[in-house]
Every structure is written in C-alpha cells, then in structure tokens.
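# Here is my input, please return the structure:
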Amino acid sequence: MMPHQDPKQSASQRSFLGEFDLIEQFFKQSPNSLLATSKNPWVKLGIGDDCALLGNWAISTDMLVEGRHFLPNANPEWLGHKSLAVNLSDLAAMGAKPVAFTLALALPEVREEWLEKFSKGLFALAVQYQCSLIGGDTTAGPLTVSITVFGEIDSALALRRSGAKAGDDIWVSHCLGDARLALGYYRNEWSLSETELANVAPRMHAPTPRVELGMALIGHAHAAIDISDGLLGDLAHILRASDVSADIKIDQVPASSVLANKSVELRRLCTLNGGDDYELCFTAPITERDWVEKTTQTMGLSTKRIGKIKMREDSLMTLLDQDGDTLPKELQDQYLKSFDHFK
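This is a model prediction of the structure:
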C-alpha cells in the first residue's frame, strides 16, 4: 500500500509515483467500495494481473505511444504487428485463446501509405491467431495505438500471478535480451555489426507472442507472466502476488548467440531487466520438468529453468552467479530495476 500523499505537495514532489503505484492508489477499488470487483459476480479477476477475467473472458488493454514505446518513424508494418502482439502476449500469460480485439488509433495526420502498411502487419498476425477486429475508434492526435484484446478461458483454470508455490521451478521461454540489445544500439549505448543488428532487431520490432505455449501450460504450470518490462521486475509481480520468494541463477537465463557473445555485464543487463521480450516466465512443480522440456522442444523453444520458488523471506529475490554465490547488494539493486512508464 502506498503511503498517504499530502495534497499540498507539489507535482514535482509527488513525481516518484510509478506506474503500479499510480494504479494502486487511484484506480484499484477497496473491497468495501460499491465498485469493488468482489461485489460483481461477472468479475472473476480484476486489476493486478496480465488480464482481467470476466466470466470466461480474458481481457487486456495495452497502449503504445510514439517516443515512449516505439521509436519515431518506426516501420509501420512492424508497428502494426507489435501493437497486437503485446496484447496477445497478455492472453498467453493467462493461457487464453485469442478471439477478438478493438483498435483505438490517434494519428497526427492521415497517410494512406502508412495506414496500408500498418494494417498489413496488424492483420497478418490477427489472421495467424484467428483474432478478429470488432471495433474501435480513430482521432487526430500524437501517434498512439491502443488495443483491447479478448480471449476465451475457463476462469477457474486461468494462469494467474498468485499461483506460485514453494518448491516450484522457475522457467523462461526461448531467450531474452535481444530487444534491449537492439534498443541500446539505436540509443548509441553500444555498437553492433550489421549482421548482429539484423538478428536482434526483429525481436524488438516484431515480437512473437507465446500463445500456443500459454494455452499448453494450463493444468501444468502454477503461475505465469509475460516479460514486457524486464524479467526480474515482472517476476517480482508473481512473487508478491503469491507471497513467496525466489532464488534466481542469473547466468542461466537463456540468451541468443549474439548476446551470449557479449560481455557478462551487458548480457546480464539485457536479459535481467531489458524488457520488450514478450516471452513467458512461469512456475511449475518439479514433477512437470519432463513435460515442459518435451513440449517446448516440440514448439522449437529453448525453454530453460532459471531458479526456484521458496517460502517468503525478507528478501523477495536472491540473485546467484554461475558459481552459486550471492551477488553483492549493489549489483542486485542494479539488476532488479525494470521499465516503468512514468520514469
């Protein structure tokens, strides 16, 4: 719970409020509120997870703003793909089957060529997952794409952040960090060869939502989340919701061949708190190890175990290096940072 905010404080004094603090303080209704989700029989799960659960519908909304979530003059076809992909990724984290979506689009100007390419990328992914556009809105304004996606799931079976149990393995699908590696190149933080950039840039511009994996995890995994703001930051949401802690072997987090050939420091930075990966992090009991490995191998994913869930301790996460030694506190603090839309 956020501490009480003095209304006399200036906006600058209150600027420390982050994305999740803002939601918690101003938009999450108390259990006694007339608007509390617990009082609405249709709402099976409200604010605080990848999707809300309304009856047997999983519903999620994501907004992409130029200059904040994508680069100015971004490839419109890739942007169309990514706008839907990040929403489908939320469905994947709950194990839901995509059904339909709405699109709200603010445009600084109407350019037919741009719209043709944007819609091409959008509908190519929509067709792949048989997810129909059913409505929306358009207006003039700074380039902003907002999508609300609807997925089908038995709400009693849906994967939630609150389901992790002590003893669970922690898994990550495929590999992490390429999107952050590409972003660092665009920001002139480091250099990449043309070949390296060609390999990692698509992971930033046109991520793959792990819908099939999410649906397959139903009945096998205890908890899941999609990795959008950084592995450790997103995993922390599972730990808090489940009231557990975790040991994380940070050098076991899977990385692509491009990133694996970089320095240890750069690889850790990109894989642990880089964000924009849209892979799945999930927890499952030890008895599911063979199933996870065989199933993900069939899907062509190099899924890997990176840690263990344990009973709640004072420290939410303990980060371990390749030798099993605990990282110094200053390094732990550095790696535990994640993306915040208001910082």
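
# Burial check on Thr208, number of neighbours?
19 (other CB atoms under 10 Å). From N, CA and C alone the C-beta is placed, and that goes for glycine too.

# That one: helix or strand, and which one exactly?
Counting by DSSP states H and E, no helix or strand carries Thr208.

# List the contacts of it.
For Thr208, the contact set (CB atoms under 8 Å, 6 or more residues apart in numbering) comprises Ala85, Tyr278.

# Which residue ranges of the protein form helices?
19-26, 76-94, 112-128, 178-186, 194-205, 211-216, 231-242, 257-260, 264-273, 289-298, 329-335 (DSSP state H).

# Gly163: which of those is closest?
helix 231-242 (6.5 Å; CB to CB).

# Can you pull out the residues in contact with that closest one?
So helix 231-242 is contacted by 48-49, 160-165, 170, 172, 176, 223-228, 245-246, 248, 253, 271-275, 277, 281, 283, 309, 316-317, 319, 335-339 (CB under 8 Å, 6+ apart).

# Where does the prediction get shaky in the protein?
Low-confidence segments of the chain (pLDDT under 70): 1-50, 337-343.

# mind running it again at 50?
1-14, 22-23, 27, 32-35, 42, 339-343 (pLDDT under 50).

# Look at stretch 131-147 and report the distance between its end residues.
Stretch 131-147 has an end-to-end distance of 12 Å (CA to CA, to the nearest Å).

# again, but for stretch 203-211
End-to-end distance (CA to CA), stretch 203-211: 16 Å.

# what do you get for stretch 257-273?
Length of stretch 257-273, first residue to last, CA to CA: 18 Å.

# just stretch 152-168 next, same as before
By CA to CA, one end of stretch 152-168 lies 27 Å from the other end.

# roughly how far is it from the heart of the chain?
In this view, stretch 152-168 has its centroid 16 Å away from the chain centroid, taken as CA atoms, centre = their mean, to the nearest Å.

# Give me the buried stretch members for that stretch, please.
Ile153, Ser155, Ala158, Leu159, Arg160, Arg161, Ser162, Gly163, Ala164, Asp168 (16 or more other CB atoms under 10 Å).

# can you dump the C-alpha coordinates of the longest strand along the chain into CSV?
If you go by DSSP state E, the chain has its longest strand at strand 97-107. What follows is strand 97-107 as a C-alpha-only set of coordinates in CSV (Å, rounded to 0.1, in the frame of the first residue of the first chain):
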residue,chain,number,x,y,z
LYS,A,97,-7.3,-18.5,-26.7
PRO,A,98,-7.4,-15.2,-28.7
VAL,A,99,-10.9,-14.4,-30.1
ALA,A,100,-11.2,-10.7,-31.0
PHE,A,101,-9.8,-7.2,-30.4
THR,A,102,-10.7,-3.5,-30.7
LEU,A,103,-8.4,-0.8,-32.0
ALA,A,104,-8.2,2.9,-31.0
LEU,A,105,-5.8,4.9,-33.1
ALA,A,106,-4.7,8.5,-32.8
LEU,A,107,-2.9,9.9,-35.8
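
# That one vs helix 76-94, what angle?
Inter-element angle recorded for strand 97-107 and helix 76-94: 140 degrees (by axes from the mean of the first three to the mean of the last three CA atoms, to 10 degrees).

# sorry, back to before: show the buried residues in the contacts of helix 231-242.
Applying 16+ other CB under 10 Å to the contacts of helix 231-242, the neighbour count classes 48-49, 160-164, 170, 172, 176, 223-228, 245-246, 248, 253, 271-275, 277, 281, 283, 309, 317, 319, 335-336, 338-339 as buried.
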